[in-house]
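Peer 1: kindly return the folded structure for what I paste below:
(one chain, ligands or ions: 1)
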Amino acid sequence: MSNIDLNKIWNYTTAKESKDHILLKEKYDLFINGKFVKSKSRKYFNSVNPATDEIIAKISEANKEDINFAVKAANTAFKSWSKLKAKERAKYIFRIARMIQERAKEFAVIESMDGGKPIRESRDIDIPLAANHFFYYAGWADKLEYAFPNTSHEPIGVAGQIIPWNFPLLMAAWKIAPAIACGNTVVLKPAETTSLTALKLAEIIEESGLPKGVVNIVTGGGKTGSEIVNHPNIDKIAFTGSTKVGKLIKRSIAGTHKKLTLELGGKGANIIFEDAAIDQAVEGIINAIFFNQGHVCCAGSRLFVQESIFEIVVEKLKDRMSSLIIGDPLDKNTDIGAINSKEQLATIKKYINIGLEEGGEIYQKKCSISEKGNWFPPTLFLNVSQSHTIVQEEIFGPVLAIQTFRTIDEVIEKANNTPYGLSAGVWTEKGSKIFKLTKELNAGVVWANTYNKFDPTSPFGGVKESGIGREGGLHGLKAYLKFK
Ligand code: NAD
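Peer 2: Residues are numbered from 1 along each chain as shown. Coordinates of the predicted model:
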């Protein structure tokens, strides 16, 4: 198990040094009923470092029998966990939060090795935010009567939670913390390319003394996920992932008693007006699309530039792109890491070809790309319009489609014209424009003069094909309670 010197990791000067001091197990089992157990399938799949193609660990593939076992453990645990004094539940959740903080460096290195994201992001965003979610919901556990006064509320039961690969530990925290704070128990499945930090979290949960069966972590791919979704003794499904799988899940639980929240895809519109602070906006636009290689559901993947400032904005974007550092995710100077998987790289390339075939004009940052691993340069598409596929569909990579607009009403119409409704950004010095846009943009989240800012106190989620329900803040509690 882990024998790393936590204080040393950041002192290593090279990526290799920090990697060499993270000890991973060769094989990971399933975490069910408070301990690691072998999968009944006896099958393992590889977790691959997307920057080097190295196999870093073998992960168990849970089958139907394993899911039965996990759901049974969660159901049994629910009987006592749901009745435990809320302040006692809070103590465990606080403990988990503190343990994540204590092992933050280890988590950050593993997250970047397993998923490809720059260590600066894992270290400064993913891991601290994951701990903050546990702290935040630990705080609510014994105050639910103040959150929902004059309303009787009860936990729902066993929550089946399925998460994607773009923010692995953070998504696990978003799901587990509010669920157990409200007295539910959990069967969580991480994405198959990034199971490791969820399994490290399982180690912490074991050490924390959390009663057995309250949190079960099972690994595997889509088939394992569908066993969770279709299990009759699960009471709530919380899914974050693609719109395609979200729709499938909605169909498959229709007619059952299961409650559902869906956090799905997006095609965020970033809108820059001629009165904006342009340099600040350009920095925000770069962050909005290139953060985490664009593997972000709320990425600002469409840019609308007011016509009068089009040339200057594009020039500044190109200039800023020239200084982005692409490379080893474990290097502290890296801005853009590896694409999470070969499949995702193929998807991005497919969209690039479609963009070109449909007449888009491409601009890419020049960079030398290693033969090993999955890499894609930051990319702009100009000369595109509303009907272009790359303007309508989620690419989930570092690709920005740029259009122009003249009036505020025109840009609102264009921004709202996709099947998605997750996020948007507005860059202007005029408060009146911000008020109008936040009201009229059909998105669950609208940022003004900033982008990609997350906080446990803020609800997050989408409209239209971007999802159902909200996570975070008080809304995140509602998703795990029944009201009488
Ligand atoms: P995905 O839908 O392919 O997979 C998500 C999870 O679902 C994985 O754990 C996967 O194993 C599982 N899964 C796959 N098929 C399943 C099935 N039939 N039944 C049950 N589970 C199944 O998505 P992805 O490629 O991992 O993630 C990228 C997508 O997630 C993007 O569309 C992105 O926008 C979305 N996302 C949304 C949010 C949000 O908060 N709205 C956050 C992060 C990612």
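
Peer 1: lowest-pLDDT helix or strand in the chain?
Peer 2: When the helices and strands of the chain are scored by mean pLDDT, DSSP states H and E, helix 15-20 comes last with a mean of 61.

Peer 1: tell me the residues of the protein that contact the ligand?
Peer 2: Within the chain, the positions near the ligand by Cβ under 6 Å from any ligand atom are 162-166, 189, 191-192, 221-222, 225-226, 229, 240-242, 245, 248-249, 263-266, 297, 394, 396, 422, 462, 466-467. Any C-beta I mention is one placed from the backbone N, CA and C, and that applies to glycine too.

Peer 1: list the contacts for I234?
Peer 2: I234 is in contact with 71, 157-160, 187, 228, 258, counting by Cβ atoms under 8 Å, 6 or more residues apart in numbering.

Peer 1: distance check, it against L170.
Peer 2: Counting by Cβ to Cβ, to the nearest Å, the separation of I234 from L170 is 23 Å.

Peer 1: then K27?
Peer 2: To L170, K27 is 25 Å away according to Cβ to Cβ.

Peer 1: tell me how many other residues crowd G359.
Peer 2: G359: 10 surrounding residues under other Cβ atoms under 10 Å.

Peer 1: so what's it closest to, chain neighbours aside?
Peer 2: N383 (6.5 Å; Cβ to Cβ, 6 or more residues apart in numbering).

Peer 1: wait, the one you found sits on G360?
Peer 2: Yes - taking contacts as Cβ atoms under 8 Å, N383 lies within contact range of G360: 5.7 Å.

Peer 1: ok, those two, which is more surrounded?
Peer 2: Neighbour comparison, N383 and G360: the larger count goes to G360, with 22 against 14 (by other Cβ under 10 Å).

Peer 1: most centrally placed residue in the protein?
Peer 2: In the chain, the centroid-proximal residue (Cα atoms, centre = their mean) is F167; its distance is 3.7 Å.

Peer 1: name the nearest residue to that one, sequence neighbours excluded.
Peer 2: Closest to F167 by Cβ to Cβ, 6+ apart is D126, at 5.8 Å.

Peer 1: and A90, how far is that from A181?
Peer 2: 7 Å.

Peer 1: do the same with A77
Peer 2: According to Cβ to Cβ, A77 and A181 sit 15 Å apart.

Peer 1: the more surrounded of the two?
Peer 2: Set A77 next to A181 and count neighbours by other Cβ under 10 Å: A181 wins out with 28 against 24.

Peer 1: so that one makes contact with E88?
Peer 2: No - applying Cβ under 8 Å, one finds A181 not in contact with E88, separated by 11.8 Å.

Peer 1: give me the more crowded residue out of K27 and L170.
Peer 2: L170 (23 against 12).

Peer 1: return the residues in contact with the more buried one.
Peer 2: 125-127, 129-130, 133.

Peer 1: which of the helices or strands spans it?
Peer 2: Element membership of L170 [criterion: DSSP states H and E] is helix 168-181.

Peer 1: residue of the protein nearest the ligand, please.
Peer 2: G225 (2.2 Å; Cβ to the nearest ligand atom).

Peer 1: what ranges do the strands span in the stretch 251-400 of the chain?
Peer 2: Using DSSP state E, counting those that start in this stretch, the strands found in the stretch 251-400 of the chain span residues 259-263, 269-272, 302-306, 361-364, 379-382, 399-405.

Peer 1: I should have written the stretch 51-200 of the chain there, sorry.
Peer 2: Along the stretch 51-200 of the chain, counting by DSSP E, counting those that start in this stretch, strands occupy 55-60, 153-155, 158-162, 185-189.

Peer 1: now the ones you listed as TSV including mean neighbour count and mean pLDDT?
Peer 2: What follows is the strands of the stretch 51-200 of the chain, written out as TSV (neighbours: other Cβ atoms under 10 Å; pLDDT from 0 to 100):
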stretch	mean neighbour count	mean pLDDT
strand 55-60	20	96
strand 153-155	18	97
strand 158-162	28	98
strand 185-189	28	99
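
Peer 1: among those strands, which comes closest to T404?
Peer 2: strand 158-162 (39.2 Å; Cβ to Cβ).

Peer 1: among the residues of the chain next to the ligand, which are in helices?
Peer 2: Among the residues of the chain next to the ligand, the ones falling in helices (DSSP state H) are 222, 225-226, 229, 245, 248-249.

Peer 1: including distance to S152 and pLDDT, could the residues you listed go into JSON lines?
Peer 2: Shown next, in JSON lines, are these (distance: Cβ to Cβ, whole Å; pLDDT from 0 to 100):
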{"residue": "G222", "distance to S152": "38", "pLDDT": "98"}
{"residue": "G225", "distance to S152": "33", "pLDDT": "98"}
{"residue": "S226", "distance to S152": "34", "pLDDT": "98"}
{"residue": "V229", "distance to S152": "29", "pLDDT": "98"}
{"residue": "V245", "distance to S152": "34", "pLDDT": "98"}
{"residue": "L248", "distance to S152": "34", "pLDDT": "98"}
{"residue": "I249", "distance to S152": "29", "pLDDT": "98"}
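
Peer 1: which of those are buried?
Peer 2: The neighbour-count test (16 or more other Cβ atoms under 10 Å) applied to these identifies 225-226, 229, 245, 248-249 as buried.

Peer 1: gap between G373 and Q293?
Peer 2: G373 is 12 Å from Q293, by Cβ to Cβ.

Peer 1: scratch that, G265
Peer 2: 16 Å.

Peer 1: which one of those two has more residues nearby?
Peer 2: Neighbour comparison, G265 and Q293: the larger count goes to Q293, with 33 against 24 (by other Cβ under 10 Å).
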